[in-house]
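Asks: based on what follows, work out the 3D shape:
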Amino acid sequence: MSKIKKLISALLVLVMAIAPCAALAEETIDSTVTIVVPFAAGGTSDILARILSPHLTEALGQDVIVENKPGAGGNLGADVVAHAEPDGTTLLLMDVGTLAISPSLYELTYDPQTDLSAVSMIAFTPYILAVSPNLPVNSFEELAAYSKEHPGEVKVAHSGVGAGNHLTELVLSEELGLEWKIVAYNGGSDAIRAVVSGECDVILNGAAATLPYVVQDQLKGLAVTGSTRLPDLPDMPTFAELELPEAEGGSWQGLLATAGTPDAIIAQVNEAIAQIVQMEDVQQSILNLGAVVSTGTPEELDSWIDENVTRWAEVIEANNISL
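Replies: Prediction:
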């Protein structure tokens, strides 16, 4: 073999050895990462994003900032991520339950199932079922009995038409045969105030916002969704213990990227999240929100979204719900 042929062969071997490394280098995040929160500052998604962002900065080796883009029930911010460059620098953190409901309520400019790529579930925040101090019941069994004795009279508040707690209340009342008068308010805080004042009788709402009112005896807590009792209310049973429908109802916070983002980047961020949520200070901060850590693979989050898009579409159609 001539010297030239040997040189060419050596160069080919070198190129082949370098190529996989070059491809890998292209599939890493190489600039500032923006976590889009499609709701106003101060909510669970926003607080969670700000808890995670400094740790993600360290794990990814890039600055990670949080940007609030509220509007259209979370769909404005979701649309921004759906149409971003698929390089992992624009991520979406939100209640993925809301994301699963949106296709049945809105004329969307994106498809949550095809335009977004799941990264990881992050946390679960249960709902607390509570009643006004004026209502003469002290357990869910008593509430059910009272509701059947007074059909159509028990007023149940929620945070808005099509919200997760609204749909959960509908399923709960239908499956248990309770004729509740379900009333929409402009957000969870207004719904809570209505029940505290006695304007409404019952509320099913996120633990983070509702727990202080129960602890202060402004509301009577009857049950919490999920399978784990709340540390601050150890005597309040869970939906699972009471064998109630919608036992896993609540707010599921997840992280997503633009569809087409390389698998290597998805895996990198997923692994970072899994490690970060195991940190003691992060776990405590999440507990302070009334939430619990709940992570998993991108495939598991994808399946969760697909199942809930189908499930909530059926509930919305059956109840003829529109905005």
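Asks: now do the SS call for the nearest residue to T109 once chain neighbours are set aside.
Replies: Among residues not flanking T109 along the chain, D79 sits closest, at 5.4 Å (CB to CB, 6 or more residues apart in numbering). The way it works is simple: take the backbone N, C-alpha and C, and place the C-beta from them, glycine included. For D79, the secondary-structure state derived from DSSP: H, G, I helix; E, B strand; the rest coil is helix.
Asks: can you check Y127 too?
Replies: Of the three states, Y127 takes strand under three-state DSSP.
Asks: neighbours of it, just the number please.
Replies: 25 (other CB atoms under 10 Å).
Asks: tell me which residues of stretch 75-89 come out buried.
Replies: Neighbour-count burial for stretch 75-89, counted by 16 or more other CB atoms under 10 Å, picks out 75, 77-82, 84, 86-89.
Asks: so which residues of the stretch 51-200 of the chain form strands?
Replies: Assigned by DSSP state E, counting those that start in this stretch, the strands in the stretch 51-200 of the chain fall at 64-68, 90-95, 116-131, 155-158, 181-184.
Asks: who does T90 form a beta bridge with?
Replies: When bridges are assigned using DSSP bridges, the partners listed for T90 are T34.
Asks: who's in contact with it?
Replies: Residues in contact with T90 (CB atoms under 8 Å, 6 or more residues apart in numbering) are 33-34, 36, 80-81, 84, 257-258.
Asks: just name the shakiest helix or strand of this structure by mean pLDDT.
Replies: For the chain, the helix or strand with the lowest mean confidence is helix 3-26, at a mean of 51 (criterion: mean pLDDT, DSSP states H and E).
Asks: a markdown table for the strands of the stretch 51-200 of the chain, including distance to H166 and mean pLDDT?
Replies: What follows is the strands of the stretch 51-200 of the chain, written out as a markdown table (distance: least, CB to CB, whole Å; pLDDT from 0 to 100):
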| stretch | distance to H166 | mean pLDDT |
| --- | --- | --- |
| strand 64-68 | 24 | 97 |
| strand 90-95 | 13 | 97 |
| strand 116-131 | 11 | 97 |
| strand 155-158 | 4 | 96 |
| strand 181-184 | 7 | 96 |
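Asks: for D201, find the nearest of those.
Replies: Each of the strands of the stretch 51-200 of the chain was checked against D201 via CB to CB, and the shortest separation belongs to strand 155-158, namely 5.0 Å.
Asks: ok now the closest one, how far from the chain's centre?
Replies: The chain centroid and the centroid of strand 155-158 are separated by 22 Å under CA atoms, centre = their mean, to the nearest Å.
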